[in-house]
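[1] Need a 3D model of the sequence below.
(2 chains)
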Amino acid sequence: GDSVTQTEGLVTVTEGLPVKLNCTYQTTYLTIAFFWYVQYLNEAPQVLLRSSTDNKRTEHQGFHATLHKSSSSFHLQKSSAQLSDSALYYCALRPPGGNYKPTFGKGTSLVVHP
Amino acid sequence: NAGVIQTPRHKVTGKGQEATLWCEPISGHSAVFWYRQTIVQGLEFLTYFRNQAPIDDSGMPKERFSAQMPNQSHSTLKIQSTQPQDSAVYLCASSFDRGIDTQYFGPGTRLLVL
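    Sure, this is the predicted structure:
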């Protein structure tokens, strides 16, 4: 079956510095959709980014991610972390067309400190 | 658009009692997902309905958990003979269902089994 690996359970970064959250995957599907969801404290997860196009950069709210099928990765990056970015981040994938469940990584907690 | 509605928001049960959790998906969404979230396990997929039909329940503990979607406007997750290890936040999400579609999560039901 499909799998998503987020290698870091916790990432801490100083405000203003760049941050990168890792996401790699395994799947047998050639076409697949990828998502980053963010969950702020005491809130529900919400989508941050999504992509299904190889080597195309996707951006939202200062974050960006590029799907690289050659390395099976969809890392999330931001050039300058803000205190308000502190949250739990999930990487997820789902094959197209329905009838397939989504697969989530274990999540990475991002803590941005002054 | 009220978003995904989940009731109750908090539920406390005694060991061995039954718990029923309710979810009202966003109108027009054809897919409904149930997840369990804990600090240790992260976000765990439980089950998924498409156009009210059960598609994948591979994440459901077989003996005490059941889910239904009797109509397009609500789904229920029932846990019989609750155990302390069932304590978690149960999240419901809905989406259109082409695989590439974003899931919209409800606020969750926090279940505490004493």
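
[2] ok, and does the helix or strand encompassing residue B:77 reach over to chain A?
    Assigned by DSSP states H and E, residue B:77 falls within strand B:74-79. No. Using C-beta under 8 Å from any C-beta of the partner chain, strand B:74-79 stays clear of chain A, with a minimum separation of 15.2 Å. Heads up, the C-betas are built off the backbone N, CA and C, glycines and all.

[3] secondary structure class for the residue nearest to the spatial centre of chain B?
    With distances taken as C-alpha atoms, centre = their mean, the residue of chain B nearest its centroid is residue B:34 (3.3 Å). Using DSSP: H, G, I helix; E, B strand; the rest coil, the secondary structure recorded for residue B:34 is strand.

[4] still on that earlier bit, name the strands paired with the strand holding residue B:77 and say parallel or antiparallel.
    strand B:19-24 (antiparallel), strand B:65-71 (antiparallel) (DSSP bridges).

[5] Let's have the ones you listed in a markdown table, adding mean neighbour count, distance to residue B:7 and mean pLDDT.
    Shown next, in a markdown table, are those (neighbours: other C-beta atoms under 10 Å in any protein chain shown; distance: least, C-beta to C-beta, whole Å; pLDDT from 0 to 100):
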| stretch | mean neighbour count | distance to residue B:7 | mean pLDDT |
| --- | --- | --- | --- |
| strand B:19-24 | 20 | 5 | 98 |
| strand B:65-71 | 15 | 15 | 96 |
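
[6] mind giving me CSV with these and columns for distance to residue B:52?
    Output for the strands paired with strand B:74-79, formatted as CSV (distance: least, C-beta to C-beta, whole Å):
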stretch, distance to residue B:52
strand B:19-24, 13
strand B:65-71, 5
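
[7] Tell me which of the ones you listed lies nearest to residue B:40.
    The minimum distance between residue B:40 and those falls on strand B:65-71, with 18.2 Å, by C-beta to C-beta.

[8] what residues does the closest one touch?
    If you take C-beta atoms under 8 Å, 6 or more residues apart in numbering or on different chains as the criterion, strand B:65-71 is touched by B:32, B:34, B:46-47, B:49, B:52-54, B:57, B:60, B:75-80.

[9] Per-residue pLDDT of residue A:1, please?
    pLDDT, residue A:1: 83.

[10] Revised request: answer the last question for residue B:98.
    In this model, residue B:98 is scored at 75, pLDDT.

[11] before we move on, what about residue B:1?
    Reported pLDDT at residue B:1 in the predicted model: 65.

[12] interface residues of chain A facing chain B?
    A:32-33, A:35, A:37, A:43-47, A:50, A:52, A:90, A:94-107.

[13] May I ask which helix or strand encompasses residue 89?
    By default, I'm working from chain A. Per DSSP H and E: strand A:87-94 holds residue A:89.

[14] wrong one, I was asking about chain B
    Here residue B:89, judged by DSSP H and E, is contained in strand B:88-95.
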